[in-house]
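S.K.: Quick one: sequence and predicted model below, then my questions.
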Amino acid sequence: MTYTTAIFYFFAAILVFAGLRVITARNPVHAALYLVLAFFTAAGLWMLLEAEFLAITLVLVYVGAVMVLFLFVVMMLDINLEKLREGFWDYLPLAGFVAVLLVIEMALILGSRHFGLDVMGTPAPHAADYSNTKELGRVLYTEYVYAFELAAVILLVAIVAAIALTLRRRKDSKYIDPAEQVKVKRNDRLRIVKMQATQKPGAGEGGT
Amino acid sequence: MESAGMDWTAIQAVVWTLVKIFALVVPLMLGVAYLTYAERKIIGWMQVRIGPNRVGFQGLLQPIADAVKLLMKEIIIPAGASRGLFILGPILAIAPALAAWAVIPFTDTLVLANINAGLLYVMAITSMGVYGVIIAGWASNSKYAFLGAMRSAAQIVSYEIAMGFALVGVLMAAQSLNLTDIVQGQAGGLHHWYFIPLFPLFLVYLISGVAETNRAPFDVAEGESEIVAGFHVEYSGMAFAVFFLAEYANMILIAALTTLMFLGGWLSPVTFLPDGIVWWLAKTAFVLFLFLWFRATFPRYRYDQIMRLGWKVFIPITIVWIVVVGGMMQTPYGYLFH
């Protein structure tokens, strides 16, 4: 067993364990944290495949941003586990179907010799100075530019829709406009009254 | 025999790497210790106080005394805490803070791992740092800690976007993700450093860096006056000290990255003086001084103001400047942005 294979099995074992714990952990926060571990380990495996751009992006986007927000929501929600488990038997047939599909797909890959997939051949390893990022960028902005633009527009529509759906102005909320705050002049807020600090002795009522 | 020989070289490589990691982490930890001393002294002087001056000459042994004190204190785990995660919190805070140092170059040859996606690696690793805060806040099972964790999560995710966009500008100017290449792209004296063509991005990066490290005036995750000490309110002894170490290691990291990407790294500002690690240290120290200066000067932001600054000011500025840089590169004046 070479060093790379050993690393692969190490990561794979952690990934399978983390994946199992995502669905078996009783506490949703623990499940979400196992999902973080699964993502991170998957990124390690992609690194072994020399897909360093994808691996780092997986960590950056999914671990660094998506899962943080996910945890944020999971921690805030009051999740009733009993209620979640109610529909277990109803969903079992659908889940079983998905599981069978996954097993078939895995079998196709693992038994690729029998299905003629080995005509693809093993890609040759690249030199150390090969920049995965540059190559990806090059094809993304030349060959696949239309697909790329399309995906960008769809994402933009999704962003606009998400904001439009959640944006509601509360009437009773006091919004602050910093521009207005900055524009305020002294005379708008402050009135200077000139008056004498003390009355002269003998001028007031109480004087004798 | 063949495999035994290969094993031996593999072991040698691993041991050699460990030695290098050790040689990197020990000065870093010393730097962290004396950054706390510098912070207390500098803020002291700024506020016309003396600062620590009892332990050792001019208080120079104060960080050591603090470390010893924290080591000897008991680590109290609250009864209602989620035990495993409570201990994992500080570990997850310090691990990314140290791991990111692997790709930081000190001179053109002195770097632990010179990888070609260094910039991406740093961004990915530093984005992991928030987990320490979130997990600590949640596992403590305390209202204040939880509030701190929530604040921190929202804040760090927001400022990461602005930081990422600022780095896109650097990437466009340097045309490389390799940190060594980025510094080499700034060769030729002060006026070639990227902080001039990318000045808005430099400012956004520096301020976002302060926010990312939860430093004043963005330290709402701790917010002593509002939520006691935020995410680490339940931590004591060394567990607390690890959070402290992580915060300061992150500060030095952000300062080092600012130095590398905008201030020319180890390059000398004038061409007749030789380049060297001295410049790197001096520039990083200067950026760190700015961090301390901010803390001594600005009052803490209100939370909605932090969010506004991140989303409505910094992100638009970075996007506009990326477009400006991209557009200028197509004109005959493009050389100004390289």
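M.R.: Right, received. Where do you want to start? Residues are numbered from 1 along each chain as shown, chains lettered A, B, ... in the order given.
S.K.: which residue sits closest to the residue in chain A that chain B sits nearest to, ignoring its sequence neighbours?
M.R.: Proximity of chain A to chain B (C-beta to the nearest C-beta) peaks at A:G64, 2.7 Å away. Every residue, glycine included, has its C-beta placed from N, CA and C. Using C-beta to C-beta, 6 or more residues apart in numbering or on different chains and skipping residues adjacent in sequence, the residue nearest A:G64 is B:S127, 2.7 Å away.
S.K.: quick one: the one you found from A:L58, how far?
M.R.: Taking C-beta to C-beta, to the nearest Å as the measure, B:S127 falls 11 Å from A:L58.
S.K.: following the worst-scoring helix or strand of chain A on mean pLDDT, which helix or strand comes up?
M.R.: Lowest by mean pLDDT, DSSP states H and E among the helices and strands of chain A is helix A:81-85, with a mean of 69. Counting by DSSP states H and E, the next helix or strand C-terminal to helix A:81-85 is helix A:88-110.
S.K.: What mean pLDDT does that next one get?
M.R.: When pLDDT is averaged along helix A:88-110, the result is 87.
S.K.: where do the helices sit along the stretch 151-300 of chain B?
M.R.: With helices called from DSSP state H, counting those that start in this stretch, the stretch 151-300 of chain B shows them at B:179-184, B:199-212, B:224-227, B:237-262, B:277-297.
S.K.: To chain A, which of these lies closest?
M.R.: When the helices of the stretch 151-300 of chain B are compared (using C-beta to the nearest C-beta), the closest one is helix B:179-184, at 10.5 Å.
S.K.: Point out the other helices and strands that the closest one packs with.
M.R.: helix B:118-127, helix B:143-174, helix B:237-262 (3 or more C-beta pairs under 8 Å, 6 or more residues apart in numbering or on different chains; DSSP states H and E).
S.K.: residue ranges with poor pLDDT in chain B?
M.R.: In the predicted model, chain B carries pLDDT under 70 at residues B:1-6, B:223, B:337-338.
S.K.: from it, which residue is nearest to chain A?
M.R.: Closest point on chain B to chain A, by C-beta to the nearest C-beta, is B:S127, at 2.7 Å.
S.K.: Spell out which residues of the stretch 201-338 of chain B are next to chain A.
M.R.: B:D304, B:Q305, B:R308 (C-beta under 8 Å from any C-beta of the partner chain).
S.K.: Now do the same contact list for the last one.
M.R.: I take that to be B:R308. Applying C-beta atoms under 8 Å, 6 or more residues apart in numbering or on different chains to B:R308 gives the contacts A:P178.
S.K.: Helix, strand or coil: sort out it for me.
M.R.: Following DSSP: H, G, I helix; E, B strand; the rest coil, the label given to B:R308 is helix.
S.K.: on that earlier part again, mean neighbour count added to the helices and strands packed on helix B:179-184, as JSON lines?
M.R.: Shown next, in JSON lines, are the helices and strands packed on helix B:179-184 (neighbours: other C-beta atoms under 10 Å in any protein chain shown):
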{"stretch": "helix B:118-127", "mean neighbour count": "24"}
{"stretch": "helix B:143-174", "mean neighbour count": "22"}
{"stretch": "helix B:237-262", "mean neighbour count": "23"}
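S.K.: just so I know, which of those lies nearest B:L60?
M.R.: With C-beta to C-beta as the criterion, B:L60 lies closest to helix B:237-262 of the helices and strands packed on helix B:179-184, at 17.2 Å.
S.K.: How far off centre is that closest one?
M.R.: 4 Å (C-alpha atoms, centre = their mean, to the nearest Å).
S.K.: if we can go back for a sec, tell me the spacing between the residue of chain A closest to chain B and B:G129.
M.R.: 9 Å.
S.K.: same thing with B:M251?
M.R.: For B:M251, the distance to B:G129 - C-beta to C-beta - is 12 Å.
S.K.: Residues that sit against both of these two, list them.
M.R.: By C-beta under 8 Å, 6+ apart, no residue touches both B:M251 and B:G129.
S.K.: any idea which residue sits dead centre in chain A?
M.R.: The centroid of chain A falls nearest to A:V66 when counting by C-alpha atoms, centre = their mean (1.0 Å).
S.K.: the strands in chain A, which residues?
M.R.: For chain A, no strands are identified by DSSP state E.
S.K.: Near chain B, which residues of it are found?
M.R.: A:3, A:29-30, A:33, A:36, A:52-53, A:56-57, A:59-60, A:63-65, A:68-69, A:71-72, A:75-76, A:129-133, A:176, A:178.
S.K.: mind running it again at 7 Å?
M.R.: Residues of chain A lying near chain B by C-beta under 7 Å from any C-beta of the partner chain: A:3, A:29, A:52-53, A:56, A:59-60, A:63-65, A:68-69, A:71-72, A:75, A:129, A:131, A:133, A:178.
S.K.: Write the PyMOL selection for whichever of the residues you listed are buried.
M.R.: A single PyMOL command is used to select the members of those judged buried by 16 or more other C-beta atoms under 10 Å in any protein chain shown:
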select buried, chain A and resi 29+52+53+56+59+60+63+64+65+68+71+72+75+131+133
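S.K.: Looking at the residues of chain A next to chain B, which are in helices?
M.R.: A:Y3, A:V29, A:E52, A:F53, A:I56, A:V68, A:L69, A:L71, A:F72, A:M75, A:T133, A:P178 (DSSP state H).
S.K.: quick one: the third one and B:A117 touch, right?
M.R.: Yes - A:E52 is in contact with B:A117 according to C-beta atoms under 7 Å; the separation is 5.4 Å.
S.K.: Now for B:T9: which residues touch it?
M.R.: B:T9 makes no contacts at all, as judged by C-beta atoms under 7 Å, 6 or more residues apart in numbering or on different chains.
S.K.: Show the contacting residues for the residue nearest to A:G64.
M.R.: A:L60, A:G64, A:A65, B:E160.
S.K.: need the residues you listed in CSV with distance to B:M29, can you?
M.R.: Compiled in CSV, the contacts of B:S127 are given as follows (distance: C-beta to C-beta, whole Å):
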residue, distance to B:M29
A:L60, 27
A:G64, 25
A:A65, 29
B:E160, 26
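S.K.: Pick out whichever of those residues sits closest to B:F86.
M.R.: A:G64 (22.6 Å).
S.K.: Find the nearest non-adjacent residue to B:T213, please.
M.R.: B:N250 (4.6 Å).
S.K.: residues touching the one you found, list them.
M.R.: For B:N250, counting by C-beta under 7 Å, 6+ apart, the contacting residues are B:A97, B:G129, B:T213.
S.K.: what's the answer for B:K283, then?
M.R.: Here B:K283 is in contact with B:T259, B:L263 (C-beta under 7 Å, 6+ apart).
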